[in-house]
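Asker: Turn this into a structure:
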Amino acid sequence: MENRSSIHYLSLIVPIFKQEKTIVKNLRSIKKVLDRIRYPHEIITVVDGVVDNSLKKIKRTNIEGLKTISYMKNQGKSYAIQLGMKKARGDYVMFIDAGMEIDPNGISMLLEHMEWYDADIIVGSKRHLASFVKYPLSRKILSFGYFFLVKLLFGIKIRDTQAGIKIFRKEVLLKVLPRLIEKRFAGDLEFLVVANDLGYTRIFEAPIKMDYSLGALTSAATLSSILGILVDTLAIFYRRNILGFYRKKI
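Answerer: Residues are numbered from 1 along each chain as shown. Sure thing, here's the model as predicted:
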């Protein structure tokens with residue numbers, strides 16, 4: 001096994017869109033968790049379209065180590081995350097969804113799993129046996145169906161590719177980011193597919209705590225987003241299996 005340094009710098013990315021009701025509380029909760037871990041860290045908030053008061057509220061939080069990126073027009077969650085990744089200084093790069101749906105204490109759990117498994121990527125998973133998830137039946141059915149679709153199309157063993165908390169080694173990002181196309185709905189899946197195809201196969205799941213009701217005000221699980229994920233997933237399959245796009249030299 002490769003001997004990697006036990007001293008890491010963590011960059012945590014928080015993509016934000018229409019989160020003015022919860023963002024201050026959310027960021028303070030995240031900061032409390034980060035202050036308890038042993039790693040030096042930075043928080044990078046990416047405001048994906050200045051369409052409400054989220055940016056103003058972030059600027060008034062005065063949280064140490066907080067950096068903010070913003071732009072006027074909404075580009076999509078995956079675009080925001082990828083932009084944050086490109087600005088990250090850490091050798092560990094994580095993102096977590098804003099909106100309070102995912103308990104930020106999961107940050108520590110994913111970091112521990114990175115160490116335990118000497119992993120390339122750790123994926124927070126609603127379907128991990130140790131996860132605590134309060135989730136409507138309709139969303140459970142959609143998640144279950146999407147898992148089988150992904151397994152059929154790509155052969156990936158990860159049971160939940162879409163939960164909004166993941167951590168990556170920086171060297172994986174450097175290889176994968178230049179190949180990514182998706183900017184909105186299926187960016188997480190595309191990243192995992194490309195990383196796996198490039199030989200970064202040490203991808204494991206970690207348990208999370210998720211309460212859908214806490215994020216209901218800002219949840220993106222609408223009919224349009226569900227259709228968007230489906231279309232983007234099929235586009236990834238086409239690029240990978242028909243065009244061989246992701247294996248081309250860059």
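Asker: Strands of this protein, start to end?
Answerer: 10-16, 41-48, 66-71, 92-96, 121-125, 132-134, 165-169, 203-207, 209-211 (DSSP state E).
Asker: so what does the longest one touch, helix or strand wise?
Answerer: So the one you mean is strand 41-48. strand 10-16, helix 23-36, helix 54-59, strand 66-71, helix 77-87 (3 or more CB pairs under 8 Å, 6 or more residues apart in numbering; DSSP states H and E). C-betas here are computed from N, CA, C, even on glycine.
Asker: In JSON lines, list these along with mean neighbour count, distance to Ala235 and mean pLDDT.
Answerer: Putting these into JSON lines (neighbours: other CB atoms under 10 Å; distance: least, CB to CB, whole Å; pLDDT from 0 to 100) gives the following:
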{"stretch": "strand 10-16", "mean neighbour count": "26", "distance to Ala235": "21", "mean pLDDT": "98"}
{"stretch": "helix 23-36", "mean neighbour count": "17", "distance to Ala235": "31", "mean pLDDT": "96"}
{"stretch": "helix 54-59", "mean neighbour count": "17", "distance to Ala235": "29", "mean pLDDT": "96"}
{"stretch": "strand 66-71", "mean neighbour count": "16", "distance to Ala235": "24", "mean pLDDT": "98"}
{"stretch": "helix 77-87", "mean neighbour count": "21", "distance to Ala235": "12", "mean pLDDT": "97"}
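Asker: shouldn't Arg159 be in contact with Tyr146?
Answerer: No: in this structure, Arg159 sits apart from Tyr146 without contact. The criterion is CB atoms under 8 Å, and the distance is 10.1 Å.
Asker: Quick one: the strands of the chain as JSON lines, columns for distance to Ile229 too.
Answerer: Formatted as JSON lines, the entries for the strands of the chain read as follows, by distance: least, CB to CB, whole Å:
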{"stretch": "strand 10-16", "distance to Ile229": "16"}
{"stretch": "strand 41-48", "distance to Ile229": "17"}
{"stretch": "strand 66-71", "distance to Ile229": "23"}
{"stretch": "strand 92-96", "distance to Ile229": "17"}
{"stretch": "strand 121-125", "distance to Ile229": "16"}
{"stretch": "strand 132-134", "distance to Ile229": "19"}
{"stretch": "strand 165-169", "distance to Ile229": "16"}
{"stretch": "strand 203-207", "distance to Ile229": "19"}
{"stretch": "strand 209-211", "distance to Ile229": "18"}
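Asker: Count the neighbours of the nearest residue to Arg184 once chain neighbours are set aside for me.
Answerer: By the measure of CB to CB, 6 or more residues apart in numbering, the closest residue to Arg184 outside its immediate chain neighbours is Gly76, 3.3 Å from it. The number of residues packed near Gly76 is 19, by other CB atoms under 10 Å.
Asker: pLDDT wise, what is Gly76 at?
Answerer: The predicted local confidence for Gly76 comes out at a pLDDT of 94.
Asker: List the buried residues for the longest helix along the chain?
Answerer: With DSSP state H setting the assignment, residue counts place helix 137-154 as the longest helix in the chain. If you call a residue buried by 16 or more other CB atoms under 10 Å, then helix 137-154 has these buried ones: 142-143, 146-147, 150, 153-154.
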